[in-house]
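*Asks:* make a model of this:
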Amino acid sequence: MADLQAILDSIYADIQPRIGEGKVADYIPELAKVDPKQFGMAIVTVDGKVYRVGDADTAFSIQSISKVFMLTLALGKVGEGLWKRVGREPSGSAFNSIVQLEHESGIPRNPFINTGAIAVSDVVMAGHAPREAIGELLRFVRYLADDESITIDDKVARSETQTGYRNFALANFMRAYRNLDHPVDHVLGVYFHQCALSMSCEQLARAGLFLAARGSNPTTGHSVVSPKRARRINALMLTCGHYDGSGDFAYHVGLPGKSGVGGGIFAVAPGIASIAVWSPGLNKVGNSQLGAAALEMLAARTGWSVFGD
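*Replies:* The predicted structure follows:
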């Protein structure tokens with residue numbers, strides 16, 4: 001394998017003059033306060049080696065990247081039955097769009113847009129109070145990363161609850177179509193708290209390593225999901241992980257990945273490594289502008305694209 005630290009260092013050198021590009025997610029008041037002039041990146045390989053650069057140890061709000069971990073939990077609970085509640089197709093619409101939801105009778109297009117993730121949260125809640133479901137996710141992510149210091153940022157969760165009117169509209173719409181089993185405020189309480197998970201690039205790359213290693217965490221020896229399920233989660237990340245920028249990300253980067261409006265992107269090089277990058281400034285579709293650029297450089301310099309080098 002190429003000298004990954006040297007590659008990371010070269011990417012950081014090329015990105016440095018651009019740090020601060022993009023626009024932070026100012027519609028969530030707590031995220032609007034984040035300094036855009038930050039950039040971190042971490043790679044964890046399937047043999048357990050860690051490479052990092054920049055602000056890789058700074059915790060940030062992972063936001064929609066949490067949807068990958070909630071999807072994993074939901075599939076563990078109901079298996080393929082999940083797909084009666086949510087689809088597996090790219091949306092081509094904004095992550096918080098209501099138009100498609102009405103047209104498709106309250107069935108969200110995929111588990112990574114907001115409506116799909118809200119439905120997934122509803123599934124994870126089954127038999128639990130909201131606090132228990134949030135606790136289950138936090139325990140799961142700590143287990144995956146082998147790190148008990150990971151927390152949920154209550155300020156961010158509160159900020160989203162106070163301003164998340166569109167998500168309340170989306171959830172009520174699904175409830176009207178009988179695609180939510182629990183009270184809307186309970187489901188959204190879980191959803192807003194999962195999005196407020198606070199992790200560093202290194203913690204995030206460690207937590208997602210099972211998706212690079214056929215469903216098992218090679219550093220801990222824990223089996224998380226079957227190889228088939230890991231492959232399918234990766235497929236969904238490749239086709240749907242970047243909202244209406246998913247095709248562009250596949251074209252330029254060619255790796256399964258999931259973005260979040262906190263400026264993070266988690267990506268997987270199957271059989272090789274998991275990668276997390278963070279820079280708070282977003283592009284027009286809500287993905288980290290420099291994060292996507294750094295991942296494009298990484299794919300080009302390593303030949304890791306799933307479509308070949």
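
*Asks:* what helix or strand does the residue nearest to residue 70 when sequence neighbours are not counted sit in?
*Replies:* Once flanking residues are discounted, residue 70 sits nearest to residue 120: 5.1 Å by C-beta to C-beta, 6 or more residues apart in numbering. From N, CA and C alone the C-beta is placed, and that goes for glycine too. Counting by DSSP states H and E, the element that carries residue 120 is helix 114-125.

*Asks:* gap between that helix and the chain center?
*Replies:* 14 Å (C-alpha atoms, centre = their mean, to the nearest Å).

*Asks:* what's it in contact with?
*Replies:* For helix 114-125, contacts defined as C-beta atoms under 8 Å, 6 or more residues apart in numbering pick out 64, 67, 70-71, 73-74, 77-78, 82, 85-87, 95-96, 101, 108-111, 133, 136-137, 166-167, 170-171, 173-174, 179-182, 186-188, 190-191, 194.

*Asks:* for the longest helix along the chain, the distance to its chain's centre please.
*Replies:* As assigned by DSSP state H, the longest helix anywhere in the chain is helix 130-145. Between the centre of helix 130-145 and the centre of its chain there are 15 Å (C-alpha atoms, centre = their mean).

*Asks:* now the element after it, going C-ward?
*Replies:* Next element after helix 130-145 (DSSP H and E): strand 151-152.

*Asks:* what about the closest residue to residue 129 other than its chain neighbours, which helix or strand?
*Replies:* Closest residue to residue 129 apart from its sequence neighbours, by C-beta to C-beta, 6+ apart: residue 186 at 7.9 Å. If you go by DSSP H and E, residue 186 is part of helix 184-195.

*Asks:* roughly how far does residue 308 sit from residue 134?
*Replies:* 41 Å (C-beta to C-beta, to the nearest Å).

*Asks:* who has more neighbours, these two?
*Replies:* residue 134 (24 against 7; other C-beta atoms under 10 Å).

*Asks:* go ahead and confirm that one touches residue 191.
*Replies:* No: Residue 134 is beyond contact range of residue 191, at 9.7 Å (criterion: C-beta atoms under 8 Å).

*Asks:* am I right that residue 175 is in contact with residue 181?
*Replies:* No: taking contacts as C-beta under 8 Å, residue 175 lies outside contact range of residue 181: 9.0 Å.

*Asks:* sorry, back to before: show me what counts as buried in the helix holding residue 186.
*Replies:* Across helix 184-195, burial judged by 16 or more other C-beta atoms under 10 Å covers 184, 186-195.

*Asks:* just send these back as JSON lines, with distance to residue 12 and pLDDT too.
*Replies:* Shown next, in JSON lines, are those (distance: C-beta to C-beta, whole Å; pLDDT from 0 to 100):
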{"residue": "184", "distance to residue 12": "43", "pLDDT": "97"}
{"residue": "186", "distance to residue 12": "43", "pLDDT": "97"}
{"residue": "187", "distance to residue 12": "40", "pLDDT": "98"}
{"residue": "188", "distance to residue 12": "38", "pLDDT": "98"}
{"residue": "189", "distance to residue 12": "38", "pLDDT": "97"}
{"residue": "190", "distance to residue 12": "36", "pLDDT": "98"}
{"residue": "191", "distance to residue 12": "34", "pLDDT": "98"}
{"residue": "192", "distance to residue 12": "33", "pLDDT": "98"}
{"residue": "193", "distance to residue 12": "32", "pLDDT": "98"}
{"residue": "194", "distance to residue 12": "30", "pLDDT": "98"}
{"residue": "195", "distance to residue 12": "28", "pLDDT": "98"}
